[in-house]
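Peer 1: please work out how this folds:
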Amino acid sequence: MRGPFAVVTTLFFLWGFITVMVDALVPRLKAVFELSYFEAALVQFAFFAAYLLLSIPSGVLIARVGYKRGVVVGLLAMGVGCLLFVPAAGLRVYALFLLAMFVLAGGITVLQVAANPYVAALGPARTASSRLNLAQAFNSLGTTIAPLVGAAFILGNTVLSSGEIAGLGEAERAAYYAAEAGTVQTPFVVLAAVLAVLAVAFGVFNLPKILETDDHASGSYRGALASKALVWGAVGIFLYVGAEVTIGSYLVNYFLALDVAALVADTPWLAGIAGFLSGGDYETFNVERLAGTFVALYWGGAMVGRFVGAALLQTVSPGRLLTVFSGVAIVLLAVSAASGGVLAMAAILAVGLVNSIQFATIFTLAIDGLGPHTAQGSGVLCTAIVGGAVVPPLYGALADAVGVQPAFLLLTLCYGTIAAYGLSRARATPEVPDPEAPLSAVTV
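Peer 2: The predicted model follows:
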């Protein structure tokens, strides 16, 4: 199963990369359209609302056309979403940006519903969490590279204020708007081309088929929702994705509030990291691009943690490890909220490391034992990814009211609930399940 696992893992890399590229748009759109934190967070709302509306229909689609064709549909939908950024940027209409986000996320939703249970099924149940965390590690590789690309291509140019734009001549203003459109259009046109090529490649590649006839004949959403582990797992996914996306989306603005340029200038080792991440030329960056460069450490921590977590989960109870990692996230958020300067910056970046295993571990704990209802359970869990649409605006509104750091309290509540779920599953499941029991049958 190594070949199919490697092929499907490319999807994890791809949607991780694109999801974080969207994060790079938030500070750019906030400046260009002069948005509040809440209005800027609507980017994430549009992106993750697709999970609420399209996860269950995606499950129905995959049941009818199969996993491989479902992946092709998802890739093509993502390509269309990327192409919609061209008129959105050219016309400078914020609503069109939100529509493009929704279409792009619709394609990613199809991939998520198909790929997560597929990877979990490619082997014994005992190592399902380890296997899915390994796939998610490559997702994190995409999220680590994306901030560097986004910082270079989307955050690289200085945004003029409305007063500065008003002072430009007509020709200069037109040239400025064209340049602004290009910073968004170019990377997403390239992504659309890559997605089209991948759709063709997956269409002709021979993947193993999950035996789904019996499952779909007897499985139901009512049966899936009868599992408390699934229901609370969906709550955990909702809160985890919401917290992860909130931190990733607001890191640039948080670092600007901490005066990242001054911190780099006054801290030699931090300057060394900036030099490494930027290839040595960070001193030429504007402050937004400098802040965006450090975001790679947040997603890079998640990547490292997932590789380490995949190894740990070969021997450690998934529920216990989930409890420990989410508990450490609470401590790190408290440290960042109560401090300032480099310590606050380092603590919030370190949350990425302990975020690492949480999605995949919650997912596999939630679908464990669902049997014929596994496909429906996957649809429910992917619907819960809508937390990425709900929590960021709530955090944004709270940050507008009380400040960025005090608003971290909302995120600690998210991680506290996840820790409780991990502890409950650790107590409810055996330490060493049958090593050969599969989550789902797979055939070539």
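Peer 1: which stretches of the stretch 301-444 of the chain aren't confidently modelled?
Peer 2: The stretch 301-444 of the chain contains residues with pLDDT under 70 at 429-444.
Peer 1: what about the strands in it?
Peer 2: In chain order, the stretch 301-444 of the chain shows strands spanning 442-443, with DSSP state E, counting those that start in this stretch as the criterion.
Peer 1: so where do the helices sit in it?
Peer 2: 318-338, 341-355, 358-367, 374-383, 387-402, 408-428 (DSSP state H, counting those that start in this stretch).
Peer 1: ok, which of those comes nearest V200?
Peer 2: The closest approach between V200 and any of the helices of the stretch 301-444 of the chain, judged by CB to CB, belongs to helix 374-383 at 25.1 Å. Using the backbone N, CA and C atoms, a C-beta is placed for each residue, glycine as well.
Peer 1: just the buried positions in the closest one, please.
Peer 2: For helix 374-383, burial by neighbour count (16 or more other CB atoms under 10 Å) applies to T374, A375, Q376, G377, S378, G379, V380, L381, C382, T383.
Peer 1: look up how far V316 lies from the residue of the chain positioned farthest from its centre.
Peer 2: Here the chain has its C-alpha centre computed as a mean, and the residue farthest from that point, by CA atoms, centre = their mean, is G169 with 40.9 Å. Applying CB to CB, to the nearest Å, the value for G169 to V316 is 64 Å.
Peer 1: and for L168?
Peer 2: Distance from L168 to V316, by CB to CB: 59 Å.
Peer 1: dump the helices of the stretch 301-444 of the chain to CSV, plus distance to A175.
Peer 2: Below are the helices of the stretch 301-444 of the chain laid out as CSV (distance: least, CB to CB, whole Å):
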stretch, distance to A175
helix 318-338, 41
helix 341-355, 36
helix 358-367, 43
helix 374-383, 43
helix 387-402, 32
helix 408-428, 41
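Peer 1: quick check: which of those helices is buried the most?
Peer 2: helix 358-367 (a mean of 29; mean count of other CB atoms under 10 Å).
Peer 1: in the stretch 101-250 of the chain, what spans have low per-residue confidence?
Peer 2: 151, 153-165, 173, 176-183, 209-219.
Peer 1: what is the burial count for I237?
Peer 2: 27 (other CB atoms under 10 Å).
Peer 1: residues in contact with it?
Peer 2: Shown in contact with I237 (CB atoms under 8 Å, 6 or more residues apart in numbering): F359, I362, F363, A366, L381, A384, I385, G387.
Peer 1: ok, now with 6 Å
Peer 2: Under the criterion of CB atoms under 6 Å, 6 or more residues apart in numbering, the contact partners of I237 comprise I362, L381, A384.
Peer 1: relative to E288, how far out is it?
Peer 2: Counting by CB to CB, the gap from I237 to E288 is 31 Å.
Peer 1: do L61 as well
Peer 2: Distance check for L61 against E288: by CB to CB, it reads 39 Å.
Peer 1: if you count surrounding residues, which of those two has more?
Peer 2: Relative neighbour count places E288 above the other of L61 and E288, with 25 against 18, counting by other CB under 10 Å.
Peer 1: that one - that's part of a strand, no?
Peer 2: No - assessed by DSSP: H, G, I helix; E, B strand; the rest coil, E288 does not belong to a strand; its assignment is helix.
Peer 1: my guess is Y298 contacts I348, does it?
Peer 2: No - counting by CB atoms under 6 Å, Y298 does not reach I348; the two are 7.6 Å apart.
Peer 1: neighbour-wise, which of L168 and V316 wins?
Peer 2: Between L168 and V316, counted using other CB under 10 Å, the more crowded position is V316 (17 against 14).
Peer 1: ok, the more buried one - contacts?
Peer 2: When contacts are taken as CB under 6 Å, 6+ apart, V316 is in contact with no other residue.
Peer 1: angles on the backbone of it, please.
Peer 2: Backbone geometry at V316, expressed as degrees, to the nearest 10, gives phi -100, psi 140.
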